[in-house]
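*Asks:* Pasted the sequence and its predicted model underneath.
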Amino acid sequence: MPALVARVLIDSPLPQLDRLFDYGIPASMAETALPGVRVRVPLRSAGRIADGIIVELAPPGDYTGALSELDEVVSPIPVLTTEVWTLARRASERAAGTASDIVRLAVPNRQVRVEKAYLAAGDRALIPDLPRAAPIAGYLDGALEGAIASGGRLAVDALPGVVDVGNESWVGRWAVTMAAAAASSLSAGKSAILAVPDYRDQQQLEAALAAVLPPELVVHLDARQSNPDRYRGFLRCLSSGPLAIVGNRSVVYAPADNLGLIAVFDDGDPLHSEPLSPYVHTRDAALLRQEQQGAALIFLGHARSTEVERLVEIGWLGTLSPTPAVLPKVIPTAQQQSSDRLAAQARIPSSAWREARAALEHGPVLVQVARPGYAPRLACADCRQSARCQVCEGPLGQKTSRSVPACAWCGALAVRWKCSNCEGEKLRVIGSGATRTAEDLGRAFPGVRVIIADGERQIMHVGPEPALVIATRGAEPIADGGYRAVLLLDGESLVARESLRVGEDCLRTWSNAAALAAHRAPIMLVGVGGALASALATWRQADYARSELADRRQLRFPPAVRVATVTGSLEAVAHAVAAVPGEPSDLLGPVDLGDGLVRTIVRFDYASGADVASALRAELVRNATGRRRPPKAQDRTPRPTLRVRFDDSEPFLDS
DNA sequence: AGCACGCCGACT
DNA sequence: GTCGGCGTGCTC
């Protein structure tokens, strides 16, 4: 029997290195060179050492050249499990990226001290008793539990409202459902991966988990942790025994032991879309992993994304709604101006103003606004042309009513501003941000405490006392006992944006805010009518997603079809696009992006995704290894880079 | 990425 | 005749 070789994944973003390399195993490493461990290996001429991970030990493959030997086993801990490796390879293939880019997301940086402590602790015999499964409230008895036990796939409509999970800790009811689902999986001895879009969601989920699971069974893995904390959590996942693993998008790659459930909350939140190459969305990674490992898969949310709706329509996902149905009390408000002068100034129709005033007698009222700051835009007071930065031509805005106007793009303060059109020197405020809304509302409701929550002033909780809580979308605090009323402002300007996703995006953020209301508290959507308003009012977000998806099918826009954007020089893009199978390819572009770059969007059906990805990936390799400069061109011209990005929604967003 | 190998112009 | 230019291609 021939000696085994170590097949190693090199840590490199280069597409031409994205394959396994065979290395001989020196006798000194025979004990430690095992699958999953970090190694250092010589690459190309001696002297150059690369980091890598042993993926498998195998008989020598078809490579016939001289084998180099491993240089060093860096650590004995198998950080890359077989499941995660397979997932990384499949996810990267689907996105025409490299597996090591995914592995970098999946395996945190090594922290030597943490690792030493972990190894010194030895195998932890201290495995707590498995929790007992408690029934999951709010849905048909046993429906969720059954799906979790049998590896089912479900789109679950979340329960609106907030609850106290103990210690005066109020969380959204969705978090209780998700925690109960995790407990259900753990009670069967299987781990659960719980992915949430942002930190505030994570805090709610952790509070809900603390109520149903002992802390030894919960691990978190998120971007906010320090590197050592993250690595410590990661190593805990590797030790045996079921765990609830909580985190943001890259938690879907956690090395869960005996995975039984993947649950994703609010998959329509843009934070679930990975900004690092190869840009694999949490939803897609979760779908691949579920298919591969057969765990249960749950997409939980207050609104349904068109992507999930598509999966429901093709039968890949089942659906589950609360039983009995829970309908928030949404009141569409007519656009009639308020008779109250101050309310009118604050853009609030009279009916909404009356409801808010009544609600403020009893507790906090949430006001959701579109933009932070005081004035999102400024214009010349004389000619009304929008005011531009004198440094970079960016739009000017104002943080507070007193602050110096500043550029939204480069941050330059606009001192001694002069209109480029009419030489005017006076600025005029356009629109209202959170701060200005707060000032206006403070005048309309004198004597009421006003709280502002936005990206800069992050507030997680507010008490049950009366207060006006002005929050930008996604920054809403949880109110103890729920808000007594919710006002959704700025809908008109939000809906007016030109973007493929405005409708579903608005419905999602409104629904999330509405879910923070107390039972039967009024929710007022100001200034919006039509299908969107009625979807919110009837709390039938899935219906809206269905009609939205039907529209996208008509137009052949994602997610009815898949897309890939190909960016680079005109020739490189044309060449790459020509390699896409399925003639004649369905193309949009090329459009000129300036700097000698163009972008073409390739559209294709889900069924041909693998072919398109492998064709474009081959083009990436060819472009990276082929001639670097156009022959006879000037020396200093940088090599035209070719970039490919799958399922990129950016070109369809507002400009 | 790096770095060696390989085929054309000025040199002792 | 050789030294070295950078264009080309490979990395177990």
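*Replies:* Structure's in. What do you need?
*Asks:* Residue A:169 reaches residue A:207, doesn't it?
*Replies:* Yes: under the criterion of CB atoms under 8 Å, residue A:169 makes contact with residue A:207 at 4.7 Å. To be clear about C-beta, it is placed using only N, CA and C from the backbone, and glycine gets the same treatment.
*Asks:* For the helix or strand hosting residue A:178, enumerate the helices and strands it packs against.
*Replies:* Element membership for residue A:178, per DSSP states H and E: helix A:173-187. Other helices and strands packing on helix A:173-187, by 3 or more CB pairs under 8 Å, 6 or more residues apart in numbering; DSSP states H and E, are helix A:143-149, strand A:162-164, strand A:191-195, helix A:199-212, strand A:244-247, strand A:259-265, strand A:296-301.
*Asks:* For the fourth one, buried residues please.
*Replies:* Neighbour counts using 16 or more other CB atoms under 10 Å place A:200-212 of helix A:199-212 among the buried residues.
*Asks:* residues contacting the spatially most central residue of chain A?
*Replies:* By CA atoms, centre = their mean, the mean C-alpha position of chain A lies nearest to residue A:272, the distance being 1.2 Å. Contact partners of residue A:272, counting by CB atoms under 8 Å, 6 or more residues apart in numbering, are A:195, A:197, A:249, A:264, A:266, A:281, A:282, A:283.
*Asks:* what about residue A:469, how many neighbours?
*Replies:* 23 (other CB atoms under 10 Å).
*Asks:* Give me the distance from stretch A:36-49 to the chain's centre.
*Replies:* Its chain's C-alpha centre lies 35 Å from the corresponding centre of stretch A:36-49 when counted by CA atoms, centre = their mean, to the nearest Å.
*Asks:* Can you give me the end-to-end span of that stretch?
*Replies:* 19 Å (CA to CA, to the nearest Å).
*Asks:* so where is chain A shaky, pLDDT-wise?
*Replies:* For chain A, the stretches flagged by pLDDT under 70 are A:1-2, A:45-47, A:123-127, A:334-346, A:378, A:438-439, A:583-585, A:626-640, A:653-655.
*Asks:* how about 50 then?
*Replies:* Within chain A, the stretches with pLDDT under 50 are A:629-638, A:655.
*Asks:* got the domain boundaries for it?
*Replies:* The record, using automatic domain parsing to delimit domains, assigns chain A the ranges A:5-78, A:143-325, A:329-551, A:562-652.
*Asks:* tell me how far the ends of the longest one are from each other?
*Replies:* Chord length of domain A:329-551, first to last residue, is 28 Å (CA to CA).
*Asks:* angle of the helix holding residue A:178 against helix A:199-212?
*Replies:* 50 degrees (axes from the mean of the first three to the mean of the last three CA atoms, to 10 degrees).
*Asks:* Flag every residue of the stretch 1-150 of chain A that's near DNA strand B.
*Replies:* A:14, A:16, A:17, A:44, A:45, A:48 (CB under 7 Å from any atom of the strand).
*Asks:* which of those are buried?
*Replies:* Among these, those scoring as buried are residue A:17 (criterion: 16+ other CB under 10 Å).
*Asks:* So which of the residues of the stretch 1-150 of chain A next to DNA strand B reach DNA strand C?
*Replies:* A:14, A:16, A:17, A:44, A:45.
*Asks:* which SSE is residue A:166 in?
*Replies:* Applying DSSP H and E, one finds residue A:166 in no helix or strand.
*Asks:* I'd like to know how far residue A:423 sits from residue A:417.
*Replies:* 11 Å (CB to CB, to the nearest Å).
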